[in-house]
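Engineer: got a sequence here, can you build the structure:
(chains A and B)
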Number of protein chains: 2
Amino acid sequence: MKYSEMFRIKRGDKTRLSKIDPAFTDGLADTVAVANRIKKHTERLHDLQYSLFAEGKRSLLICLQGLDAAGKDGTIVHVMGAMDPQGTRVCAFKVPSLDETNHDFLWRIEKQVPAKGEVVIFNRSHYEDVVVVRVHKIVPEAVWSRRYALINNFEKGLVANGTLVLKFYLHISSEEQLNRFQERLDDPMRHWKISESDYEERKYWKEYTKAYDDALRNTSTRHSPWYVIPSNNKWFRNLAISQIVVEQLESLKMKLPKPQVDMNEIRRKYHQALVEEEGKGN
Amino acid sequence: MKYSEMFRIKRGDKTRLSKIDPAFTDGLADTVAVANRIKKHTERLHDLQYSLFAEGKRSLLICLQGLDAAGKDGTIVHVMGAMDPQGTRVCAFKVPSLDETNHDFLWRIEKQVPAKGEVVIFNRSHYEDVVVVRVHKIVPEAVWSRRYALINNFEKGLVANGTLVLKFYLHISSEEQLNRFQERLDDPMRHWKISESDYEERKYWKEYTKAYDDALRNTSTRHSPWYVIPSNNKWFRNLAISQIVVEQLESLKMKLPKPQVDMNEIRRKYHQALVEEEGKGN
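Structural biologist: A predicted model of the protein is given here:
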């Protein structure tokens, strides 16, 4: 079964994150078992991004969401590592500035959507505006609950304009998060990243899960679905995400543009330039 | 001798591009001879970009200039390929829009300079505004000739704010450009990129060289020097540029920030979280 079908959330579905196993690996043993498949996906991603860029008609927006240490940064390195830095861009949304909170929540998001031919990855996104603001009661329910429809309309507009919107929720267990915090504690190179809030936020695990349950269910639409990726194992996460991105990009059936010029005329010009070049040598 | 010294243009220097050998390889035979050195530079670049990002105090701006097919795109893949896509960005300046030409030439450039912690590569830059506009007489001499001083002041401001500005002119011969056009003709995947102007622009080779001679000489300052990189051989170009970027980033003597938190307190919180996690298991 394709992972795009296996992990896709259907709108209105009653599936809860607590019922999805974050340690699922589809019977695969370890990173060695999937290395060849990942390598193939990676090469294909490289070519597909080239076609997207060359064609210049469609674009790709990937939204990554997940709790702390779920693997957003690692996914970016993995997916984007396959692509040409030209034509790809990462956008990390932090706590909004005063100017940003003085506008509607999509104002800063809209500025960052991909141009035709471009791949953009959102590291966190407008989904923080229905999750973190809800968990920490930064805005009232009357405000965040209306945002699902606003988000769906916004994304529908992107899709109508030729943007492929892929949204991945990186699903890890509470134990796995703690393992990853331990790794940070063990690595002095990463101590600067650690904050008190890493541990404080764990107290809201249930509230976050509830907020994500509702967000996924209300915003996983036909035009821009959510995929919940079992992410306790980084290698399985990379396999699943790369497979889905390849499959979805392939469904665009992109074609390289025809040459803008008469190729015979260009060959004639080339030979003329060659004769001139040789003339200089004498 | 370090390539940063060997290829650096001194302000007011009378050196002409025509006197610099684009096929220079420092006595090195081929790509095999430099593979290990390039690999070391690449690994070092990865770590240095991590430090720049973590430190969040300085930034790096790389400007790439050169004639068509000089290797700007290839250099970007090479240099950026070593770095984390988060914290790095490529900015390709095309023909300015009407809104852009209605402002001063630096207006669109200033919007794209790197933030603290960020690496930005300019694929073409404000130097087009003293080169292409001069060659094609788009603005009069009275306008472009005043821009050298404006550019120097602009870049001085960037440096004063903690930006390392590295400018590379990728120097190829007229024959080598023709070789590379031939490669494009031989590769159907790249036919869409070919334009008549590739050959038309060759007629202005002398004018371009003259415009670059003046631009390099007038804007290679102590705070933001130009490096003219012999680029007929892609492997030598990669070696030289990666060596210079590594050396210059190392000169910043970056340090990872100290942890923002009391590490003992964090370890205590970690153990507490672990106890709670184990409690859940029972």
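Engineer: show me which residues of the stretch 101-250 of chain A are close to chain B?
Structural biologist: A:121, A:123, A:174-175, A:178, A:181-182, A:185, A:189, A:191-196, A:199, A:202 (C-beta under 8 Å from any C-beta of the partner chain). C-beta: built from backbone N, CA, C; applies to glycine.
Engineer: show me where pLDDT drops low in the stretch 101-250 of chain A?
Structural biologist: For the stretch 101-250 of chain A, no stretch has pLDDT under 70.
Engineer: where exactly do the strands run in it?
Structural biologist: Assigned by DSSP state E, counting those that start in this stretch, the strands in the stretch 101-250 of chain A fall at A:119-123, A:163-171, A:226-230.
Engineer: now the angle from the last one to strand A:163-171?
Structural biologist: By that I understand strand A:226-230. Put simply, strand A:226-230 runs at 30 degrees to strand A:163-171, going by axes from the mean of the first three to the mean of the last three C-alpha atoms, to 10 degrees.
Engineer: which residues touch strand A:226-230?
Structural biologist: A:3-4, A:7-9, A:17, A:20-25, A:166-171, A:216, A:219-220, A:236-237, A:240-241, A:244 (C-beta atoms under 8 Å, 6 or more residues apart in numbering or on different chains).
Engineer: adding mean neighbour count, write the strands of the stretch 101-250 of chain A out as TSV.
Structural biologist: Formatted as TSV, the strands of the stretch 101-250 of chain A follow (neighbours: other C-beta atoms under 10 Å in any protein chain shown):
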stretch	mean neighbour count
strand A:119-123	23
strand A:163-171	23
strand A:226-230	24
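Engineer: turn these into TSV, including distance to A:Ala273.
Structural biologist: Formatted as TSV, the strands of the stretch 101-250 of chain A follow (distance: least, C-beta to C-beta, whole Å):
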stretch	distance to A:Ala273
strand A:119-123	35
strand A:163-171	40
strand A:226-230	51
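Engineer: looking at these, which is nearest to A:Ala33?
Structural biologist: strand A:226-230 (15.4 Å; C-beta to C-beta).
Engineer: off-centre distance for that closest one?
Structural biologist: For strand A:226-230, the separation from the chain centroid amounts to 11 Å (computed by C-alpha atoms, centre = their mean, to the nearest Å).
Engineer: also stretch A:230-237?
Structural biologist: For stretch A:230-237, the distance to the chain centre is 15 Å (C-alpha atoms, centre = their mean).
Engineer: so which bits of it are buried?
Structural biologist: By 16 or more other C-beta atoms under 10 Å in any protein chain shown, the buried positions in stretch A:230-237 come out as A:Pro230, A:Ser231, A:Asn232, A:Asn233, A:Lys234, A:Trp235, A:Phe236, A:Arg237.
Engineer: got a list of what the fifth one touches?
Structural biologist: Contact analysis of A:Lys234 by C-beta under 8 Å, 6+ apart lists A:Thr31, A:Gly71, A:Gly74.
Engineer: measure the second one to chain B for me?
Structural biologist: With distances defined as C-beta to the nearest C-beta, to the nearest Å, the gap from A:Gly71 to chain B amounts to 13 Å.
Engineer: now do A:Asn36
Structural biologist: According to C-beta to the nearest C-beta, A:Asn36 and chain B sit 22 Å apart.
Engineer: returning to what we had before: tell me which of the contacts of A:Lys234 is nearest to B:Val143?
Structural biologist: Comparing these against B:Val143 with C-beta to C-beta picks out A:Gly74 as the nearest, at 49.1 Å.
Engineer: now the buried members of the contacts of A:Lys234.
Structural biologist: A:Gly71.
Engineer: tell me which stretches of the stretch 101-250 of chain A form helices.
Structural biologist: Along the stretch 101-250 of chain A, counting by DSSP state H, counting those that start in this stretch, helices occupy A:107-110, A:128-135, A:141-160, A:174-186, A:196-202, A:205-219, A:234-250.
Engineer: now the ones you listed in JSON lines, with distance to A:Lys57?
Structural biologist: Below are these laid out as JSON lines (distance: least, C-beta to C-beta, whole Å):
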{"stretch": "helix A:107-110", "distance to A:Lys57": "20"}
{"stretch": "helix A:128-135", "distance to A:Lys57": "30"}
{"stretch": "helix A:141-160", "distance to A:Lys57": "13"}
{"stretch": "helix A:174-186", "distance to A:Lys57": "40"}
{"stretch": "helix A:196-202", "distance to A:Lys57": "41"}
{"stretch": "helix A:205-219", "distance to A:Lys57": "26"}
{"stretch": "helix A:234-250", "distance to A:Lys57": "13"}
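Engineer: which among the ones you listed is found nearest to B:Pro257?
Structural biologist: helix A:174-186 (14.3 Å).
Engineer: give the buried residues for that closest one.
Structural biologist: Within helix A:174-186, the residues scored as buried using 16+ other C-beta under 10 Å are A:Ser174, A:Glu175, A:Glu176, A:Gln177, A:Leu178, A:Arg180, A:Phe181, A:Arg184.
Engineer: residues contacting the residue most central in space within chain A?
Structural biologist: In chain A, the centroid-proximal residue (C-alpha atoms, centre = their mean) is A:Ile62; its distance is 2.9 Å. Residues near A:Ile62 by C-beta under 8 Å, 6+ apart: A:Val79, A:Val119, A:Val120, A:Ile121, A:Phe122, A:Leu166, A:Lys167, A:Phe168, A:Val245.
Engineer: give me the element it is part of.
Structural biologist: In this structure, A:Ile62 is located in strand A:59-66 according to DSSP states H and E.
Engineer: what pairs with that strand, and is each one parallel or antiparallel?
Structural biologist: Applying DSSP bridges to the sheet, strand A:59-66 is found paired with strand A:119-123 (parallel), strand A:163-171 (parallel).
Engineer: list the helices and strands the helix or strand following it packs on?
Structural biologist: For strand A:59-66, the succeeding helix or strand toward the C-terminus, using DSSP H and E, is helix A:72-80. Helix A:72-80 sits against strand A:59-66, strand A:88-92, strand A:119-123, strand A:163-171, helix A:234-250, with contacts defined as 3 or more C-beta pairs under 8 Å, 6 or more residues apart in numbering or on different chains; DSSP states H and E.
Engineer: would you turn the strands paired with strand A:59-66 into a markdown table with distance to A:Pro96?
Structural biologist: Below are those laid out as a markdown table (distance: least, C-beta to C-beta, whole Å):
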| stretch | distance to A:Pro96 |
| --- | --- |
| strand A:119-123 | 14 |
| strand A:163-171 | 20 |
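Engineer: to B:Pro114, which of those lies closest?
Structural biologist: Per C-beta to C-beta, nearest to B:Pro114 of these: strand A:119-123, 17.8 Å.
Engineer: measure how the closest one sits relative to strand A:88-92, angle-wise.
Structural biologist: Calculated by the same axes, to 10 degrees, strand A:119-123 forms an angle of 20 degrees with strand A:88-92.
Engineer: A:Thr15 touches A:Met6, doesn't it?
Structural biologist: No: counting by C-beta atoms under 8 Å, A:Thr15 does not reach A:Met6; the two are 12.0 Å apart.
Engineer: list the buried residues in stretch A:30-45.
Structural biologist: For stretch A:30-45, by 16+ other C-beta under 10 Å, it's A:Val34, A:Ile38, A:His41, A:Thr42, A:Arg44, A:Leu45.
Engineer: now do stretch A:143-156
Structural biologist: Using 16+ other C-beta under 10 Å as the test for burial, stretch A:143-156 gives A:Trp144, A:Arg147, A:Leu150, A:Ile151, A:Asn152, A:Phe154, A:Glu155.
Engineer: so what does A:His126 have for phi and psi?
Structural biologist: With angles defined as degrees, to the nearest 10, A:His126 sits at phi -70, psi -10.
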